[in-house]
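Visitor: Return atomic coordinates for the entry below.
(2 chains)
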Amino acid sequence: AQSVTQLGSHVSVSEGALVLLRCNYSSSVPPYLFWYVQYPNQGLQLLLKYTSAATLVKGINGFEAEFKKSETSFHLTKPSAHMSDAAEYFCAVSGTGRRALTFGSGTRLQVQP
Amino acid sequence: GAGVSQSPSNKVTEKGKDVELRCDPISGHTALYWYRQSLGQGLEFLIYFQGNSAPDKSGLPSDRFSAERTGGSVSTLTIQRTQQEDSAVYLCASSLVLAGGTTDTQYFGPGTRLTVL
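Guide: Sure thing, here's the model as predicted:
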């Protein structure tokens, strides 16, 4: 069975501050891990994915995430928040035995001016 | 190129009516997924199609839900005798299937917002 836990349903940062969104996974097989972003009234857009290559993954819009097997974590970071980063962020996991994505509950990011 | 498209974008129906939701995947994507996004349950997997294989229906919440994929392309999700708890955003995604059978990145459509009165 696979699952992801996102700590913090709401995160608020100031513009220019570090963004850190937390995701921990549970998987009985080597996982594929994803971060998706959802802007209001839109579908999900892929930010980045980990598929067992480099453990530090760089994505779009300046985001990156590091796969840490020892901590079963895949936290999303961005050095400097921008107002346009305000959205909901979802961590997801899949594996070779299950094609469908299992999503976390999401974290809503607010960026204060 | 064109992304995943879904229709209608919004659907309001009365309790007990049947509804059909449509998904047009990205051309060439042989894998297609349906998910549901609701306030109480978050994002949930419903059903997965890959090529001519039998679909993975393990996420369908009840036998009122069914889906088909005609010609390996367009898919229709049907909800019979709708209930108020079916109100949600229904998202479709598609992906390539890579050598070895693993699926590539899933690309999502904008969703259909279903409201059951």
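Visitor: Please pull out the lowest mean pLDDT helix or strand from chain A.
Guide: Across the helices and strands of chain A, mean confidence by mean pLDDT, DSSP states H and E is lowest for strand A:98-103: a mean of 84.
Visitor: which secondary structure elements does that one contact?
Guide: strand A:2-7, strand A:87-95, strand B:31-38, strand B:42-50 (3 or more C-beta pairs under 8 Å, 6 or more residues apart in numbering or on different chains; DSSP states H and E). Every C-beta, even on glycine, is put in place using the N, C-alpha and C of the backbone.
Visitor: which one of these lies closest to residue A:20?
Guide: Nearest of those to residue A:20, taken as C-beta to C-beta: strand A:2-7 at 10.1 Å.
Visitor: can you state the direction angle for that closest one and strand B:42-50?
Guide: 150 degrees (axes from the mean of the first three to the mean of the last three C-alpha atoms, to 10 degrees).
Visitor: Mind listing the strands strand A:2-7 pairs with, and their directions?
Guide: strand A:19-27 (antiparallel) (DSSP bridges).
Visitor: Need the residues that contact the partner strand.
Guide: A:1-8, A:11, A:13, A:31, A:33, A:35, A:63, A:65, A:71-79, A:81, A:85, A:89, A:91, A:93, A:95, A:104, A:107, A:109 (C-beta atoms under 8 Å, 6 or more residues apart in numbering or on different chains).
Visitor: mind pulling up the phi and psi values for residue 60?
Guide: Went with chain A since none was named. With angles defined as degrees, to the nearest 10, residue A:60 sits at phi -80, psi 160.
Visitor: my question was about chain B
Guide: Dihedral pair for residue B:60: phi -70, psi 130, per degrees, to the nearest 10.
Visitor: burial of it, as a residue count?
Guide: A count of nearby residues for residue B:60, using other C-beta atoms under 10 Å in any protein chain shown, gives 18.
Visitor: So it is in contact with residue B:46, correct?
Guide: Yes - using C-beta atoms under 8 Å, residue B:60 is in contact with residue B:46, at 5.7 Å.
Visitor: Leaving out the residues flanking it, which one is nearest to residue 56?
Guide: Defaulting to chain A. Once flanking residues are discounted, residue A:56 sits nearest to residue A:66: 5.0 Å by C-beta to C-beta, 6 or more residues apart in numbering or on different chains.
Visitor: Sorry, I should have been clearer: chain B.
Guide: Nearest non-adjacent residue to residue B:56, counting by C-beta to C-beta, 6+ apart: residue B:48, 4.2 Å away.
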